[in-house]
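Visitor: turn this into a structure:
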Amino acid sequence: MNSNDRPTEVGSQTQESERRFRSIAGLSPYAIANHDLDGQVVCVKLSFCATLGYSRDEMLSMHPLDFEVNDSEGHVSALWRKIAPSVPVLI
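Guide: Numbers count the residues shown, from 1 in each chain. Modelled structure (predicted):
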């Protein structure tokens with residue numbers, strides 16, 4: 001493999017990882033929203049959108065604090081500080 005093949009391989013691995021996540025999330029009975037380290041929602045289960053009464057596009061423009069009502073902002077902020085790349089945190 002030459003160095004030009006590496007970006008394609010990483011992109012393929014990322015796409016496969018996203019496909020697996022969506023497959024697993026689709027089978028889950030739980031409300032799931034995935035977000036980046038800044039809190040921007042990047043993937044959300046459609047049934048979660050429907051439960052909250054938002055469209056997918058609306059949810060993708062939100063931060064978890066916009067729809068998380070069972071936790072205080074202080075509690076969510078404390079959990080937020082624990083977040084590290086590739087480490088899931090249940091909020």
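
Visitor: can you classify the residue nearest the centre of the chain by secondary structure?
Guide: Most central in the chain under CA atoms, centre = their mean is Asn34, positioned 0.8 Å from the mean C-alpha point. Of the three states, Asn34 takes strand according to DSSP: H, G, I helix; E, B strand; the rest coil.

Visitor: got a list of what the nearest residue to it once chain neighbours are set aside touches?
Guide: The shortest distance from Asn34 to any non-neighbouring residue, by CB to CB, 6 or more residues apart in numbering, is to Cys43 (4.1 Å). In short, each C-beta sits where N, CA and C put it, glycine included. The neighbours of Cys43, taking CB atoms under 8 Å, 6 or more residues apart in numbering as the test, are Glu18, Phe21, Arg22, Ala25, Ala33, Asn34.

Visitor: give me the pLDDT for Thr51.
Guide: Looking at Thr51, its pLDDT is 91.

Visitor: could you measure from the residue nearest to Asn34 over to His35?
Guide: Taking CB to CB, to the nearest Å as the measure, Cys43 and His35 are separated by 8 Å.

Visitor: pLDDT score assigned to Leu65?
Guide: Among the per-residue scores, Leu65 shows a pLDDT of 82.

Visitor: I misspoke; the intended subject was Pro85.
Guide: 67.

Visitor: go on, Val44?
Guide: Residue-level pLDDT assigned to Val44 equals 88.

Visitor: please look at it and Ala25 and confirm they touch.
Guide: No. Taking CB atoms under 8 Å as the definition, Val44 is not a contact partner of Ala25, at 9.1 Å.

Visitor: quick one, which of these two is more surrounded?
Guide: Val44 (23 against 18; other CB atoms under 10 Å).

Visitor: just to revisit the earlier point, Serialize the contacts of Cys43 to TSV and add fields for pLDDT and distance to Thr51.
Guide: Formatted as TSV, the contacts of Cys43 follow (pLDDT from 0 to 100; distance: CB to CB, whole Å):
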residue	pLDDT	distance to Thr51
Glu18	76	23
Phe21	73	20
Arg22	74	18
Ala25	73	14
Ala33	84	11
Asn34	82	16
